[in-house]
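Visitor: Pasting a predicted model and its sequence here:
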Amino acid sequence: MTINLRKARTIIRKTFEKGREMGLKPLSVIVLDAGGHPQAFERDDGAAPGRYEIAFGKAYGTVMLGMPGSAQMARAESQPYFMGCVNGAYGGNVIPVPGGILLKDKKGVVIGAVGVTGDTSDNDVVAGLAGIEAAGLIAES
């Protein structure tokens, strides 16, 4: 199973709504399928144009390694050589910080990842979790 476009758009819409509710800076959100391919992306009005690459990097590392950005950051701090090699293997596309959230279905199967960027990494996660919950999916952050 993978994430469908309807649920991906719900995640993005509800993430933006949560960000506005929290008074966050403009967000950018990407939803990747289980193979690391973009299903949907949106950059809110006022968000910096380079945010696509950051959102993608957060989500890509998450889905390809099967671990959320927070776990990747801990790994990068304890084993920087490993994460450096991983990033090299994945063409420099991994950004190992919070804001990369693993998506699972109700059976616990990984179906993709969400990458949120624009505010602090911790706030990005809070907004993303709201979007994922609204879509009826399970998040690992």
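Guide: The structure has been received and is ready for your questions.
Visitor: Sticking with Ala40, tell me its helix or strand.
Guide: According to DSSP states H and E, Ala40 maps onto strand 38-43.
Visitor: Do a quick rundown of the helices in this protein.
Guide: 5-22, 51-65, 69-78, 80-89, 121-134 (DSSP state H).
Visitor: Ile95: which of the ones you listed is closest?
Guide: helix 51-65 (3.2 Å; Cβ to Cβ). For the C-beta atoms, the positions are set from N, CA and C on the backbone; glycine is no exception.
Visitor: That closest one vs strand 38-43, what angle?
Guide: 150 degrees (axes from the mean of the first three to the mean of the last three Cα atoms, to 10 degrees).
Visitor: quick one: contacts of helix 51-65?
Guide: 28-36, 38, 41, 43, 68-69, 72, 86-87, 90, 93-97, 99-102, 110, 112-118, 124 (Cβ atoms under 8 Å, 6 or more residues apart in numbering).
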